[in-house]
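Student: this one's sequence-less:
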């Protein structure tokens, strides 16, 4: 069952010719993500971290998130360059299930250029299979998808839903590696930002490559 986007009234209308405001987009995206996490109950606890200062965010500085408290199946959201970045800790079962629906995906191997760095061109699209990190913005028109990590049939989702995200704006769906399903409006998989883990694995810094260049 598809969902129709809500149209704003004339008082609250936004001029479509204006570029999106990053600050507004981040908070709208965070609200959407929080709504999705609440919608699936305790299966997907939501954790938000807003440590970076306004000045650091405006400059696009790297952002460090503590993942030592991130439980299995949990998602943390941080802001980097005015965009929400999702950090998800995936279970062994989730990782084993990823290849099972490759045939349903538009780009299962992440071969399309621009959204997946070379080091993330693997089944789990990550440096560490257990942690999936991506920019939480749909590659179609910039909406933020909602988390539906519970598997199985649900309103607006296919019967064999493996868990992932649904973009309510136009119906694009993504699996738990951020890969878009075929025949959806979104043309690409969710974008993977540069990041590195700390030596002890308790933190991740978004906006830094392994050679320490932001």
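Tutor: The structure has been received and is ready for your questions. What you are looking at is a predicted structure, and each value in this text was computed from that prediction instead of being measured.
Student: check contacts around residue 197.
Tutor: Going by Cβ atoms under 8 Å, 6 or more residues apart in numbering, residue 197 touches 127, 128, 131, 203, 204. To be clear about C-beta, it is placed using only N, CA and C from the backbone, and glycine gets the same treatment.
Student: swap in residue 145?
Tutor: Residues counted as contacts of residue 145 (Cβ under 8 Å, 6+ apart) are 32, 36, 136, 138, 165, 166, 167, 168, 172, 174, 190.
Student: just the residues you listed now: which is nearest residue 118?
Tutor: residue 190 (16.7 Å; Cβ to Cβ).
Student: Against residue 69, how distant is the nearest residue to the closest one once chain neighbours are set aside?
Tutor: Spatial nearest neighbour of residue 190, excluding adjacent residues (Cβ to Cβ, 6 or more residues apart in numbering): residue 178 at 3.4 Å. With distances taken as Cβ to Cβ, to the nearest Å, residue 178 is found 23 Å from residue 69.
Student: Check residue 90 too.
Tutor: Note on residue 90: its distance to residue 69, by Cβ to Cβ, is 16 Å.
Student: Just want to know which of those two has more residues nearby.
Tutor: residue 90 (22 against 10; other Cβ atoms under 10 Å).
Student: From residue 97, how far off is the more buried one?
Tutor: In this view, residue 90 and residue 97 are 10 Å apart by Cβ to Cβ.
Student: Then residue 65?
Tutor: Distance, residue 65 to residue 97, using Cβ to Cβ: 26 Å.
Student: Max pairwise distance over the contacts of residue 145: which two?
Tutor: So, these by Cβ to Cβ: farthest apart are 168 and 190, at 15.3 Å.
Student: So which bits of stretch 146-153 are buried?
Tutor: Neighbour-count burial for stretch 146-153, counted by 16 or more other Cβ atoms under 10 Å, picks out 146, 147, 148, 149, 151.
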